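*Asks:* sequence and predicted model, in that order:
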Amino acid sequence: MSILGFAWYYVIVFLLVLTVLVFVHEWGHFWVARKNKVRVEVFSIGFGPELYGWNDKHGTRWKISAIPLGGYVKMFGEGEEESNGDSSAELTEEEKAVSFHYKTVGQRAAIVAAGPIVNFIFAIFAFAVLAGVIGTATPLAGAGKVMPGSAAEDAGFMSGDKILSINNEDIKYFEDLRRIVTANPEEKLSFVIDRDGAEHTLTATPNAKLRTNEDGVEETVGLLGVEFNPDYIELERQGPVSAIWVGIQRTYYVSANILTYVGDMVSGNRSTDDLGGPLRIAQVSGQMAQQGIGDLLLLMAMLSVNLGLINLFPIPMLDGGHLVFFAIEALLGRPLGAKAQEYGFRFGLILVMMLVVFVTWNDLVHLEVIQFFKNLIT
């Protein structure tokens, strides 16, 4: 997509999505802080000058700020460093009782961890809503991509074929196809298919492949060589309990895939070209919004998992970095020195800024912005 096609509503949708996810994240910090009797001074959506705000009955200033790229919760006593007891002498006992700094390590860790945790809870809820309202997609017995040189290609399968039965056994789901083929390596199977409304019979002999099963035992299985057809699915709405379980499963799978992706990038097994930043997220947000509220909610769930995971990375400036400092404090019985924390936060800031610049450059290349400006001057 070129820069000329980058519509403003993409940016608007992105900011709305980001605002919801930031609110969810910061509300986690806010709610647990309040439960631990910490005074919350500011709850801000965005950074910079305040555009609009109000005070609640607890004295918290809720505000919307000019730069809508994030947000923060400011707690009384947050960031306060111990310095020979001078700071404690300046606070009354009532102030110490509501100060973040004077809470136990466990309480402070709970407040910091609450943001990412609520992001995961939001993702579970969003995935559950999708499963309960729209339904989960179950692939039906149809042929998507046919692998070159496979048994399916030799038998004459084509993309779009619907498989009705195998050896006179009626089948409906792709899992039925996989089950029968896997159990019959190098055995001739008779397939009745529907192709463009007409039934045909094809004979295929699944290729044999040696694999290790879940119990660690080697076994020979059959391979047909077709992928499921993403256009040939059945949506099944889930009940409340099943939907929640689907939400938990999908949140886990998305988290695992993200961590695998990051691990592959660090080890050099995967390119960083696909790593996107705000511009590409804005593009995807606009596209998903055009496709419907369900797709937009799916995107929000996946971004919420991303936000939760990224904030748990052990980098100073992020929630994970604070948790590392709290863990060290718990082990040593005292906080790290002020200088060590200061250098840690400086390093974290540099690292985060480098990442922002890198993903923004990736976005500019992906959206052909660089090429657009090159064309203007050549």
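*Replies:* Cool, the structure landed.
*Asks:* show me where this structure has strands.
*Replies:* Taking DSSP state E to define them, one finds strands in the chain at 40-55, 61-75, 136-139, 162-166, 169-170, 189-195, 198-204, 207-212, 218-223, 233-236.
*Asks:* wait, which of these is closest to Ala340?
*Replies:* Evaluated over the strands of the chain, closeness to Ala340 peaks at strand 61-75, with 21.9 Å, by Cβ to Cβ. Glycine gets a C-beta too; all of them are placed from N, C-alpha and C.
*Asks:* C-alpha coordinates for the closest one, PDB please?
*Replies:* Taking Å, rounded to 0.1, in the frame of the first residue of the first chain, the C-alpha atoms of strand 61-75 are listed here in PDB:
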ATOM      1  CA  ARG A  61      -6.700  13.600  38.300                       C
ATOM      2  CA  TRP A  62      -8.200  11.900  35.200                       C
ATOM      3  CA  LYS A  63      -7.000  13.500  32.100                       C
ATOM      4  CA  ILE A  64      -6.600  13.200  28.300                       C
ATOM      5  CA  SER A  65      -3.300  14.600  27.100                       C
ATOM      6  CA  ALA A  66      -2.200  16.000  23.700                       C
ATOM      7  CA  ILE A  67       0.000  13.200  22.500                       C
ATOM      8  CA  PRO A  68      -2.200  10.100  22.200                       C
ATOM      9  CA  LEU A  69       0.500   7.500  22.100                       C
ATOM     10  CA  GLY A  70       0.300   5.800  25.400                       C
ATOM     11  CA  GLY A  71      -0.600   6.800  28.900                       C
ATOM     12  CA  TYR A  72       0.500   6.500  32.600                       C
ATOM     13  CA  VAL A  73      -0.700   6.200  36.200                       C
ATOM     14  CA  LYS A  74       1.200   8.500  38.600                       C
ATOM     15  CA  MET A  75       1.200   7.200  42.200                       C
END
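*Asks:* what's it packed up against?
*Replies:* Under the contact criterion of 3 or more Cβ pairs under 8 Å, 6 or more residues apart in numbering; DSSP states H and E, strand 61-75 touches helix 8-35, strand 40-55.
*Asks:* buried stuff in the last one?
*Replies:* Put plainly, it is strand 40-55. Neighbour-count burial for strand 40-55, with 16 or more other Cβ atoms under 10 Å as criterion, is recorded at 40, 42-46.
*Asks:* and the furthest pair within those?
*Replies:* Across these, no pair lies farther apart than Val40 and Gly46, at 16.9 Å, counting by Cβ to Cβ.
*Asks:* hmm, back to that, pipe the buried residues of strand 40-55 into a markdown table and attach distance to Pro185 and pLDDT per row.
*Replies:* Shown next, in a markdown table, are those (distance: Cβ to Cβ, whole Å; pLDDT from 0 to 100):
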| residue | distance to Pro185 | pLDDT |
| --- | --- | --- |
| Val40 | 63 | 93 |
| Val42 | 65 | 93 |
| Phe43 | 61 | 95 |
| Ser44 | 62 | 93 |
| Ile45 | 58 | 92 |
| Gly46 | 60 | 88 |
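*Asks:* ok, those vs Lys74, which is closest?
*Replies:* Nearest to Lys74, judged by Cβ to Cβ, of these is Val42 at 3.9 Å.
*Asks:* which ones are touching the closest one?
*Replies:* 60-61, 63, 72-74 (Cβ atoms under 8 Å, 6 or more residues apart in numbering).
*Asks:* repeat the analysis, applying 10 Å as the threshold.
*Replies:* With Cβ atoms under 10 Å, 6 or more residues apart in numbering as the criterion, the residues that contact Val42 are 50, 53, 60-63, 65, 71-76.
*Asks:* can you select the buried ones from the residues you listed in ChimeraX?
*Replies:* Selecting only the buried entries of the contacts of Val42 in ChimeraX, with 16+ other Cβ under 10 Å as the criterion:
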select :60,63,65,71,72,73,75,76
